[in-house]
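Engineer: curious how this folds, go ahead:
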Amino acid sequence: MHDPNADLDMENDQKGPLPRNVWVVTLTSFLTDISSEMLINLLPLFLFSVLGVRTTFIGLIEGVAEAVASLVKMTSGWLSDRLRMRKPLAVLGYAVSTAAKPFLYLATSWGAVLGVRFADRVGKGLRTAPRDALIADSIPESRRGLAFGLHRAGDTAGAVVGIGLAIAIILVSQRGAVGLSRETFQTVVLISIIPAVLAVITLAFGAQEIKPGIGIGPGQESEKPEEKKEEKTRSGLLSTNRLFRNYILIMALFTLGNSSDAFLILRAETVGLSVVNILAMMMVFSLIYTIISTPAGALSDKAGRKRILMIGWILYVVVYLGFARASEGWHVWALMALYGVYYGLTEGVARAFVADLVPSHLRGTAFGILHAVVGLIALPASIIAGVLWQGIGAWSGFGPGAPFLFGAGAAFLASIALSRLSPPRVQDQGAGR
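Structural biologist: Down below sits the predicted model:
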């Protein structure tokens, strides 16, 4: 028998203001990305042009950093489920990353940069899965795509501001110089510390803890399994949840060809773009990413997560094929703009998809597994990209286009696999039931 009250509850779920936690976490990510993006887009140029590091080692640095973050993400996600707490781990993670940033000021070798990136990624690993689980626990399923889309939009809006600040610093301190100087990079490091500290304060004093299993999502009020049953299910999540396992395997295949974005920045330099032009290009990328993220997330609530992901991944194939053939500055500008569309379509939606596949009390573990697998695969992905580009030892590699051809091929295969994945019923019908 149809219950009219259920329709009313569903309608109310899709209206009204978003919960406080969604806004607080979004603001935290906004401030953090102001800080991070001031540095992350300059770091490969600092390594390559100032320190003279080969692309093979740049790939190693980025790959190791992401692999470390991934191992910590899996542990912190599991721990947040075990302790039934999200906020403390997230705050600790942001604080660790903030404490690591000042040491870039002193870095004079690729080993020192690796050490800083190691510590920074430990912090990211600590915070990411509990933070994503906190968002999922704070919002009904019918608005989950919107919440994750808004969070990604806030994150990338911070990137726009951060890159803009970096451009301003370079223009003032280098007065039109094409390359990047050590002194300018050090100035950027010092200024980046301010928004990073503000981000930690925002999350620490603004977010509210929500116990996993008793959040606001549909059916969560009754999700109170006994501790022994919870632990058994948690330890066998990949073996007992076929859809989640297959989704993780597909993500691993896609990530194998998705090397660090540092290679996109280096590719832009090979076609003659100056540091300021590269940063301006990354600002456009982040702006497009920001604009697309929220509507893409909301659309996935109605049209289904898989459909939106498929569109994004096919666009990724096109973009990477373009980077393989790019020969002019405007080629890279246009491709990076399309890359922003890809990111906006997929980043928030991919996380909302995970929340759809597992119950509330296992979400920390599930997000930890997702981020761990993606980050661990990022290590060989970035090393492969560096070797394909510039070789290793006596072998000179295939040149700057090779990593992107490899990435396009992996993404194409992953897209085919994703098309065969049977999503949960809620995705077949949009957000409705």
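
Engineer: residue 28 against residue 201, yeah?
Structural biologist: No: using Cβ atoms under 8 Å, residue 28 is not in contact with residue 201; the gap is 9.2 Å. All C-beta spots, glycine's among them, are computed from the backbone N, C-alpha and C.

Engineer: which residues are in contact with the residue nearest the centre of the chain?
Structural biologist: What sits nearest the mean C-alpha location of the chain, by Cα atoms, centre = their mean, is residue 347, with 6.5 Å. Residue 347 is in contact with 152, 289, 293, counting by Cβ atoms under 8 Å, 6 or more residues apart in numbering.

Engineer: go again with 6 Å.
Structural biologist: Going by Cβ atoms under 6 Å, 6 or more residues apart in numbering, residue 347 touches residue 152.

Engineer: what's the spacing between it and residue 87?
Structural biologist: Distance, residue 347 to residue 87, by Cβ to Cβ, to the nearest Å: 22 Å.

Engineer: likewise residue 46?
Structural biologist: Distance, residue 46 to residue 87, using Cβ to Cβ: 34 Å.

Engineer: where exactly do the helices run in the stretch 151-300 of the chain?
Structural biologist: Counting by DSSP state H, counting those that start in this stretch, the stretch 151-300 of the chain has helices at residues 182-206, 227-235, 237-240, 242-256, 262-270, 275-303.

Engineer: can you give the contact residues for the fifth one?
Structural biologist: Residues from elsewhere that reach helix 262-270, judged by Cβ under 6 Å, 6+ apart: 44, 58, 62, 278, 323, 332, 385, 400, 403.

Engineer: any low-confidence regions in the chain?
Structural biologist: 1-15, 176-179, 212-236, 238-240, 391-397, 423-433 (pLDDT under 70).

Engineer: for the residue nearest to residue 121 when sequence neighbours are not counted, the count of nearby residues, please.
Structural biologist: Leaving aside its chain neighbours, residue 121 sits nearest to residue 69 (3.6 Å; criterion: Cβ to Cβ, 6 or more residues apart in numbering). For residue 69, the count of nearby residues is 29 (other Cβ atoms under 10 Å).

Engineer: and the one 4 residues further on, by the same measure?
Structural biologist: A count of nearby residues for residue 73, using other Cβ under 10 Å, gives 33.

Engineer: which helix or strand contains it?
Structural biologist: For residue 73, the host element (DSSP states H and E) is helix 55-83.

Engineer: between residue 28 and residue 201, who's got more neighbours?
Structural biologist: The neighbour count for residue 28 versus residue 201, taken as other Cβ under 10 Å, is higher for residue 28 (28 against 14).

Engineer: that one against residue 197, yeah?
Structural biologist: No: with contact defined as Cβ atoms under 6 Å, residue 28 does not reach residue 197; the gap is 11.7 Å.

Engineer: what angle separates the helix holding residue 73 from helix 242-256?
Structural biologist: 160 degrees (axes from the mean of the first three to the mean of the last three Cα atoms, to 10 degrees).

Engineer: list the buried residues for helix 55-83?
Structural biologist: For helix 55-83, the neighbour count (16 or more other Cβ atoms under 10 Å) marks 55-81 as buried.

Engineer: just want the angle from the one helix or strand residue 111 maps to to helix 55-83.
Structural biologist: Using DSSP H and E, residue 111 maps to helix 110-137. Computed with the same axes, to 10 degrees, the direction of helix 110-137 lies at 40 degrees from that of helix 55-83.

Engineer: helix 110-137 vs helix 182-206, what angle?
Structural biologist: Going by the same axes, to 10 degrees, helix 110-137 makes 30 degrees with helix 182-206.

Engineer: who are the packing partners of helix 110-137?
Structural biologist: The helices and strands touching helix 110-137, judged by 3 or more Cβ pairs under 6 Å, 6 or more residues apart in numbering; DSSP states H and E, are helix 20-40, helix 55-83, helix 87-100, helix 363-390.

Engineer: at 8 Å instead, please
Structural biologist: Judged by 3 or more Cβ pairs under 8 Å, 6 or more residues apart in numbering; DSSP states H and E, the packing partners of helix 110-137 are helix 20-40, helix 55-83, helix 87-100, helix 144-174, helix 329-357, helix 363-390.

Engineer: okay if I get these as CSV plus distance to residue 111?
Structural biologist: Below are the helices and strands packed on helix 110-137 laid out as CSV (distance: least, Cβ to Cβ, whole Å):
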stretch, distance to residue 111
helix 20-40, 18
helix 55-83, 9
helix 87-100, 15
helix 144-174, 24
helix 329-357, 30
helix 363-390, 16
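
Engineer: nearest to residue 138, out of those helices?
Structural biologist: The closest of those to residue 138 is helix 20-40. By Cβ to Cβ, the value is 4.0 Å.
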